[in-house]
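*Asks:* Structure for the following, please:
(one chain, ligands or ions: 1)
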Amino acid sequence: MEIKIQKDYSELSSTVADIVKHQIQRKPNSRLILPTGSTPIGLYKELVNRKLNWKKVETFNLDEYLDNTIWEQSYRYFMDENLFKHINIDDDNIYFPGDTAIWPEMSYGENADLCILGIGTNGHIAFNEPGSSFDSETRVVDLDEQTIEDNSRFFDSVDDVPKQAITMGLKTIMKSKKIVLIANGVHKYKILNVAMNGGVTEKVPASILQKHNNVEVFYCD
Ligand code: PGA
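*Replies:* So this is what the prediction gives:
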């Protein structure tokens, strides 16, 4: 699969913001799947600056920590701060896994128009850690040691990182009409290349994207 190399983080963010912009302009009631993490921060800044009409857009976040006692570390807080409080989205159209009374949330985020993904250094997408079934749907998962270590940079200590999360599954992600994967930093390149050009295996969850017919992958150092 082609990995589209961007000259810098600013180009990466603005290229993907254009894709989101065109999607919302073409279909004002688009269903978007959105990620958290360091990588999409620039994308969200760009989207805020573009002053799009989010009134009818529905967003489904990929994942959320469980048993997280620090609200400022929640993914909902991240999304509020980086995107939602700066745009005209309707609060009723913002969805997080685990926030409905209906369980299991089999249809959560299904058939999205556009899904934006990051990739973990262990090849995860959302919190579908290595070994996750390609048939998985929204569910509670134990975080991988590598993920806990990687995410400890956002916490005072590694012991504060929640050990479980609720995540959209791989099967649901694959039902999206279009998928865009973004990765930033040399530490991501190796796993990105393995996922896009190596074997399709549950050991590398992102490798399932090779089976989707409408994926774009953007990377910068
Ligand atoms: P990052 O995380 O954007 O903070 O690197 C990506 C991920 O783990 O999915």
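
*Asks:* Would you point out which residue is most central in this structure?
*Replies:* Geometric centre of the chain, nearest residue: Pro35, 2.6 Å, by CA atoms, centre = their mean.

*Asks:* Gly123 contacts Pro205, doesn't it?
*Replies:* Yes: the pair Gly123 and Pro205 qualifies as a contact (CB atoms under 8 Å) at a distance of 5.6 Å. Placement of C-beta: from N, CA and C, glycine included.

*Asks:* who touches both of the two?
*Replies:* Here Gly123 and Pro205 have Pro130 as joint contacts, going by CB atoms under 8 Å, 6 or more residues apart in numbering.

*Asks:* More neighbours: which of these two?
*Replies:* Neighbour tally, Gly123 and Pro205, criterion other CB atoms under 10 Å: the higher count belongs to Pro205, 28 against 23.

*Asks:* quick one: contacts for the more buried one?
*Replies:* Counted by CB under 8 Å, 6+ apart, Pro205 has contacts 123-125, 128-130, 132, 170.

*Asks:* Equivalent analysis for Ser30, please.
*Replies:* Ser30 makes contact with 23-24, 57-58, 113-114, according to CB under 8 Å, 6+ apart.

*Asks:* try Asp113
*Replies:* Counted by CB under 8 Å, 6+ apart, Asp113 has contacts 23, 27, 30-32, 176-178.

*Asks:* Spatially nearest residue to it, not counting backbone neighbours?
*Replies:* In this structure, Asp113 finds its nearest non-sequential neighbour in Ser30, 4.4 Å apart by CB to CB, 6 or more residues apart in numbering.

*Asks:* pLDDT score for the one you found?
*Replies:* On pLDDT, Ser30 comes in at 98.

*Asks:* If Ala165 is in a bridge, with which residues?
*Replies:* Beta-bridge pairing of Ala165 under DSSP bridges involves Tyr65, Val141.

*Asks:* My read is that it contacts Val140, right?
*Replies:* Yes: in this structure Ala165 lies within contact range of Val140 using CB under 8 Å: 7.4 Å.

*Asks:* which residues do these two both contact?
*Replies:* Leu66.

*Asks:* Tell me which of these two has more neighbours.
*Replies:* Ranked by neighbour count (other CB under 10 Å), Ala165 and Val140 place Ala165 first, with 25 against 13.

*Asks:* Which phi and psi values does the residue in the chain that the ligand sits nearest to adopt?
*Replies:* Residue of the chain nearest the ligand, by CB to the nearest ligand atom: Gly37 (2.8 Å). Phi and psi for Gly37, reported as degrees, to the nearest 10, are phi 110, psi -180.

*Asks:* Sounds good, over and out.
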